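>>> this one's structure only:
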């Protein structure tokens, strides 16, 4: 083994170990802290902030129920906000992926004039500060009567995610062997047929990874949701809802419970997409 | 619509290969460009108009290209105000220090994780937690930790370290440490961003490190190079390209960051960066022209930075 040649002194080893341990504490410590506080009664948190190991009898999951229940039932309405976020994120992912699969296939495989100029525009567009675009979008959408709707926001999210999505998918498509596509085209398969029957199945892991990234962007988005939806409480997204509740005197246990719940879809998606990624790789290897 | 398509297809069969490729290319990429044009390019042109036009929010329905009164007023007001330069200074400080922290932290942790050990994959996955965590969750947890009443940091400080009073981390502009004022809230938002984004750099650097050929290091070790020499002469030079790309991306993202800062402090305690300033000009003051002028300056600075970066990189490659 090559490692036998390279010896490490004890000091280097200790340095390595301490960096890893400190990083581990810093990465998961705050999240564990949030989880622990979310299952303690608010009064207990106020009385004894340093107690990080609540007794089993002290465990209290009511913050989760209160956070999720609708305001009509005396809760904080987070369940409804999560549904809004889900509609928005899924809608964005579907539209953005559909649009960018076509565009990415064109830039990866078809040699048409103006292709490189188009790619340059997309990279440049990606660098535009979001808040700068918020100024005219706020004006234009309010003129078009689209503020206070989820549709207007989906359109904005699609345009914001398409540059990244195009770029990621293009790289996946370029990496695929093009010989099967060429053979199908010669056999008389249409271009859409090639994309639907050949490219999509092979590129599925790449598409899944891209979709997951798009979902995270839409799920995290806060600025445009705040600008366009703040007036209509029933349309608040989960991040907007939690941020707005912070403004009022909402118990911190509720806010933390909400934060943990918002994290769950991302974690589930990770587990699900990971399986899809591995199965995609495995089916690719069989051929 | 159906007619147009059939004629196009019928004509397509008589087109040359190159013409057909062009047609297909344009048709497939049309939806992408339509979305980008509608939501990014046209609005950006509108920002330019807003920044140089003299009008109020109520004039917008009547506004068209013919009746715009061009004016340098918005730009002059922006560039002449102390608030603009203050926000710019805060933004530059924020962007520079987060970029250094995010890349430095990512590289150091990636180097520490090079040697294989049991459970390495689990540890690596746990390192990514702050990056995967939704921003709202991260910000809420940090706000809780730093809360003066029940936050763990202040509780620890007062009960264990003997602080006399809790510290309002998120609203204190200048905190006195041994007679020197430090920008406390700004430091907190910088640390938050490093915490949240360093895992991203760690991931990229780790991927690059796995491609550093082991033979190079072995050869150097046989020639008597010690660990430090191997690190500075062999490993670090291999990271140059990935670090340069991350430097550009991280600086641009930090420079225009809004969410993380606004969710933590809402611009209080000396954390009003350009993005927060633009947002406040638009919503609190309802001054579209001023918001557009600030935004345009922000974009101009980013473009200049991008060009400088490209030039610096080209010169290095030529050497």
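Perfect, thanks for sending it. Just so we're clear, the structure is a prediction, and the values are computed from it rather than from any experiment. Numbering: from 1, shown residues only, chains lettered A, B, ... in the order given.
>>> what residues are up against whichever residue of the stretch 151-287 of chain A sits closest to chain B?
Using CB to the nearest CB, residue A:159 is the residue of the stretch 151-287 of chain A that sits closest to chain B, at 3.2 Å. To be clear about C-beta, it is placed using only N, CA and C from the backbone, and glycine gets the same treatment. Counting by CB atoms under 8 Å, 6 or more residues apart in numbering or on different chains, residue A:159 makes contact with B:35, B:36, B:38, B:39, B:40.
>>> ChimeraX command to pick out the buried ones of those?
Those of the contacts of residue A:159 that count as buried under 16 or more other CB atoms under 10 Å in any protein chain shown are selected in ChimeraX with:
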select /B:35,36,39,40
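>>> Pick the one among the contacts of residue A:159 closest to chain A.
residue B:39 (3.2 Å).
>>> does that closest one count as helix, strand or coil?
helix (DSSP: H, G, I helix; E, B strand; the rest coil).
>>> if I look at it, how far off is residue B:48?
For residue B:39, the distance to residue B:48 equals 16 Å [CB to CB, to the nearest Å].
>>> The residue of the stretch 151-287 of chain A closest to chain B: which element?
Per DSSP states H and E, residue A:159 falls inside helix A:150-175.
>>> thinking again about what came up before, now tabulate the contacts of residue A:159 in a markdown table and tack on pLDDT and distance to chain A.
A markdown table is the format used below for these (pLDDT from 0 to 100; distance: CB to the nearest CB, whole Å):
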| residue | pLDDT | distance to chain A |
| --- | --- | --- |
| B:35 | 85 | 4 |
| B:36 | 86 | 6 |
| B:38 | 83 | 7 |
| B:39 | 83 | 3 |
| B:40 | 86 | 5 |
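>>> after the helix holding residue A:159 comes which helix or strand?
Past helix A:150-175, the next helix or strand by DSSP H and E is helix A:179-186.
>>> can you tell me if that next one touches chain B.
No - on the criterion CB under 8 Å from any CB of the partner chain, helix A:179-186 is out of touch with chain B, staying 10.8 Å away.
>>> what's the offset of the next helix or strand after that helix from the middle of its chain?
Counting by DSSP H and E, the element after helix A:179-186 in chain order, helix or strand, is helix A:191-194. Mean-position distance between helix A:191-194 and its chain equals 30 Å (CA atoms, centre = their mean, to the nearest Å).
>>> same thing with stretch B:76-92?
That offset, for stretch B:76-92, works out to 19 Å (CA atoms, centre = their mean).
>>> Just the mean pLDDT for it, thanks.
In this model, stretch B:76-92 has a mean pLDDT of 87.
>>> What number of residues are in the vicinity of residue B:209?
Using other CB atoms under 10 Å in any protein chain shown, residue B:209 is surrounded by 17 other residues.
>>> swap in the one 4 residues further on?
Counted with other CB under 10 Å, the burial measure for residue B:213 works out to 11 neighbours.
>>> do the same with residue B:219
14.
>>> show me the contacts for it.
Counted by CB under 8 Å, 6+ apart, residue B:219 has zero contacts.
>>> Just the pLDDT for it.
84.
>>> go on, residue B:10?
Predicted confidence (pLDDT) for residue B:10: 47.
>>> same check, this time on the one 4 residues further on
According to the per-residue confidence, residue B:14 scores 66 in pLDDT.
>>> One more: the one 5 residues further on?
The predicted local distance difference test score for residue B:19 is 81.
>>> Kindly report the same for residue B:279.
So residue B:279 comes in at 92 (pLDDT).
>>> does the closest residue in space to it that isn't next to it in sequence sit in a helix, a strand or a coil?
Spatially, and ignoring its direct neighbours in sequence, residue B:279 is nearest to residue A:131 (5.8 Å; CB to CB, 6 or more residues apart in numbering or on different chains). Secondary structure, three-state DSSP: residue A:131 is helix.
>>> was I right about residue A:131 contacting residue B:256?
Yes - Residue A:131 is within contact range of residue B:256, at 6.6 Å (criterion: CB atoms under 8 Å).
>>> Spell out the secondary structure type for the one residue in the stretch 101-250 of chain A that gets nearest to chain B.
Nearest to chain B in the stretch 101-250 of chain A, going by CB to the nearest CB, is residue A:112, at a distance of 2.8 Å. When classified by three-state DSSP, residue A:112 comes out as coil.
>>> returning to what we had before: turn the contacts of residue A:159 into a markdown table, including distance to residue B:179.
Below are the contacts of residue A:159 laid out as a markdown table (distance: CB to CB, whole Å):
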| residue | distance to residue B:179 |
| --- | --- |
| B:35 | 55 |
| B:36 | 53 |
| B:38 | 56 |
| B:39 | 51 |
| B:40 | 49 |
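>>> can you pull the contacts of residue 166?
Reading this off chain A. Per CB under 8 Å, 6+ apart, neighbours of residue A:166: A:100, A:103, A:104, A:107, A:122, B:32.
>>> Chain B, not that one
Contacts of residue B:166 (CB under 8 Å, 6+ apart): B:148, B:149, B:151, B:154, B:157, B:158.
>>> Nearest residue to residue A:82 in space, ignoring adjacent ones along the chain?
Closest to residue A:82 by CB to CB, 6+ apart is residue A:238, at 5.1 Å.
>>> same check, this time on residue A:26
Per CB to CB, 6+ apart, closest to residue A:26 is residue B:195, 6.7 Å.
>>> quick one: buried residues of the helix or strand where the one you found lies?
Using DSSP H and E, residue B:195 falls within helix B:184-209. Neighbour counts using 16+ other CB under 10 Å place B:184-190, B:192-206, B:208-209 of helix B:184-209 among the buried residues.
>>> measure the spatially most central residue of chain A to residue B:281 for me?
For chain A, residue A:216 is the residue whose C-alpha lies nearest the centre (CA atoms, centre = their mean; 0.4 Å). Separation of residue A:216 from residue B:281 (CB to CB) stands at 29 Å.
>>> I'd like to know how far the closest residue to chain A within the stretch 1-150 of chain B sits from residue A:159.
Here the residue of the stretch 1-150 of chain B nearest chain A is residue B:25; by CB to the nearest CB that distance is 2.8 Å. Applying CB to CB, the value for residue B:25 to residue A:159 is 20 Å.
>>> do the same with residue B:150
42 Å.
>>> what do you get for residue B:116?
In terms of CB to CB, residue B:116 sits 43 Å off from residue A:159.
>>> Sketch out the low-pLDDT regions of the chain for me.
Going with chain A. Applying pLDDT under 70 to chain A picks out residues A:1-7, A:275-287.
>>> I was thinking of chain B, sorry if that wasn't clear
In chain B, residues with pLDDT under 70: B:1-14, B:55-68, B:316-319.
>>> can you give me the strands in it?
Taking DSSP state E as the criterion, chain B contains strands spanning B:175-177, B:180-182.
>>> Pull out the buried positions in the first one.
Buried residues in strand B:175-177, counting neighbours by 16+ other CB under 10 Å, are found at residue B:175.
>>> Parallel or antiparallel, which strands does it pair with?
If you go by DSSP bridges, strand B:175-177 pairs up with strand B:180-182 (antiparallel).
>>> wait, doesn't residue B:251 sit right on residue B:97?
No - when contacts are counted by CB under 8 Å, residue B:251 is not listed as touching residue B:97 (11.0 Å).
>>> These two: which has the busier surroundings?
Higher neighbour count among residue B:251 and residue B:97: residue B:251, with 22 against 18, using other CB under 10 Å.
>>> Contact partners for that one?
Counting by CB under 8 Å, 6+ apart, residue B:251 has contacts B:95, B:96, B:99, B:305.
>>> So residue A:249, which state does it fall into?
coil.
>>> ok, and what's touching stretch A:174-184?
Contacts of stretch A:174-184 (CB under 8 Å, 6+ apart): A:108, A:109, A:193, A:194, A:197, A:198, A:199, A:202, A:203.
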